[in-house]
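[1] Attaching a predicted model along with its sequence, questions to come.
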Amino acid sequence: MKKTDVISEYHLNHHQPDKAQFAIYDLYDYVKRNMANTTRPHIHSYYQVIWFKAGHGNHFVDFQSYEVKDDSIFFVSKNQVHYFDNNSDYRGYLIHFNEPFLIQTDSEMEFFLKCNFFGNPYQSPVNYIGSNCHQILETYIKQIQAELNSTDSLGREELLRGYLKAFLIQVQRLKNGSDLTAFVNDEKRLQLLKFINLVDENYKKGLSVSEYAALMYISSRTLSDVTGQLIKKTPSQIIQERIILEAQRLLLHSELNINQVGYRLGFDDPSYFVKYFKKHTQLSPSDFRKSIS
């Protein structure tokens, strides 16, 4: 097959974020063609699955460096800061899609696939799967490519969504080596994911722990027990860490001044934002910005 930068795409329209969007790229050509942008910290409004089938180096996600080696799969959430290193010899695939493409119902499986893989700051964004998994994952990639190249559009979106979910489920099986149904039905794990998701949606509103618990129809005590048992953190720490992470993202990739960053995050007093940031990072916002420029 002749290599092209974009293998296939489906409704990849960034001006219509409410429409289902999907695209798959050859990783070598994508990085080669876009290296000026991909090697600089940036964010996307959609999710990415990056399968490094071959190549060695580092990939950077939210200010952390992660090793790239053969058969690494990265899951990058919308609005996460990430970038490639200067290695242009990677081989593999890059998949883009937005939330309306993956999430079509209120099923816990769809919620689990989104929240367990994407944007969960308490687990690594990379999975090392091993070459023995090539065949089954390649099968879904080939099905995606065939469907995108087909002239028959009947049910295309449904089939593509099914292939993407199947790909993610297979990676999840490889990841934990356990029964996926039992994993998804783990009540405490789902409660943690729901809390992290709620924090991601509401951290700018200044909600209290009791208000988050009420949104989940559980007590503050139950919420504290869940976060303490599973990730050894209090709900308040999780809220604080999400605010700091967004502050770091804005300081890195936006042109907002420090006061504007504080206002964006719900701080009415710029000086309090500076104190809050320094308390949690040991750096002032200006020093942090200088350290990563």
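    Received the coordinates, thanks. Residues are numbered from 1 along each chain as shown.
[2] My guess is Ala54 contacts Ser72. True?
    No. Here Ala54 does not reach Ser72: they are 9.8 Å apart, not a contact under C-beta atoms under 8 Å. From N, CA and C alone the C-beta is placed, and that goes for glycine too.
[3] which ones are touching Trp51?
    Applying C-beta atoms under 8 Å, 6 or more residues apart in numbering to Trp51 gives the contacts Leu27, Asp71, Ser72, Ile73, Gly92, Tyr93, Leu94, Ile95, Leu137.
[4] how is this protein carved up into domains?
    Split into domains by automatic domain parsing, the chain comes to 6-181, 187-292.
[5] next one: the shortest one to chain centre, how far?
    Here domain 187-292 is found 17 Å from its chain centre; the criterion is C-alpha atoms, centre = their mean, to the nearest Å.
[6] when you give positions from now on, start the count at 51
    Yes, from this point I'll number from 51; that puts the last item at domain 237-342.
[7] Check the gap between Gly278 and Glu237 for me.
    According to C-beta to C-beta, to the nearest Å, Gly278 and Glu237 sit 16 Å apart.
[8] Of those two, which one has the most company?
    Shown here are Gly278 and Glu237; by other C-beta atoms under 10 Å, Gly278 has more neighbours (13 against 8).
[9] quick one: low-confidence parts of the stretch 201-343 of the chain?
    Scanning the stretch 201-343 of the chain for pLDDT under 70 picks out 226-235, 343.
[10] how about the helices of it, start to end?
    With DSSP state H, counting those that start in this stretch applied, the stretch 201-343 of the chain shows helices at 206-226, 230-234, 237-252, 259-265, 270-281, 285-303, 308-314, 320-331, 335-342, listed in chain order.
[11] Run the angle between the last one and helix 285-303 for me.
    Taking axes from the mean of the first three to the mean of the last three C-alpha atoms, to 10 degrees, one finds that helix 335-342 is oriented at 60 degrees with respect to helix 285-303.
[12] More neighbours: which of Ala104 and Ser122?
    Ser122 (23 against 16).
[13] May I have the beta-bridge partners of that one?
    Phe102, Tyr178 (DSSP bridges).
[14] show me what contacts it?
    Trp101, Phe102, His109, Val176, Asn177, Tyr178, Ile179.
[15] Next up, the contacts around the closest residue to Val311 other than its chain neighbours.
    Excluding the flanking residues, the one nearest Val311 by C-beta to C-beta, 6 or more residues apart in numbering is Leu300, at 4.7 Å. Neighbouring residues of Leu300 by C-beta under 8 Å, 6+ apart: Leu306, Val311, Arg314, Leu315.
[16] returning to that earlier point: will you turn the helices of the stretch 201-343 of the chain into TSV that also has distance to Gln114?
    TSV is the format used below for the helices of the stretch 201-343 of the chain (distance: least, C-beta to C-beta, whole Å):
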stretch	distance to Gln114
helix 206-226	19
helix 230-234	25
helix 237-252	17
helix 259-265	26
helix 270-281	17
helix 285-303	11
helix 308-314	21
helix 320-331	14
helix 335-342	12
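[17] looking at the ones you listed, which is closest to Phe162?
    helix 230-234 (4.9 Å; C-beta to C-beta).
[18] And the residue nearest the centre of the chain, what's its pLDDT?
    The residue lying closest to the centre of the chain (C-alpha atoms, centre = their mean) is Ser127, at 2.0 Å. The score at Ser127 is 94. That number is its pLDDT.
[19] Okay, it and Ile246: tell me how far apart.
    For Ser127, the distance to Ile246 equals 11 Å [C-beta to C-beta].
[20] what do you get for Glu261?
    Glu261 is 16 Å from Ile246, by C-beta to C-beta.
[21] Kindly report the same for Leu265.
    13 Å.
[22] Equivalent analysis for Asp318, please.
    Relative to Ile246, and taking C-beta to C-beta, Asp318 is found at 26 Å.
[23] same check, this time on Phe217
    The value you get for Phe217 to Ile246, if C-beta to C-beta is used, is 23 Å.
[24] Phe102: what's it in contact with?
    Leu77, His109, Val118, Lys119, Asp120, Asp121, Ser122, Ile123, Phe124, Tyr140, Arg141, Gly142.
[25] No further questions, thank you.
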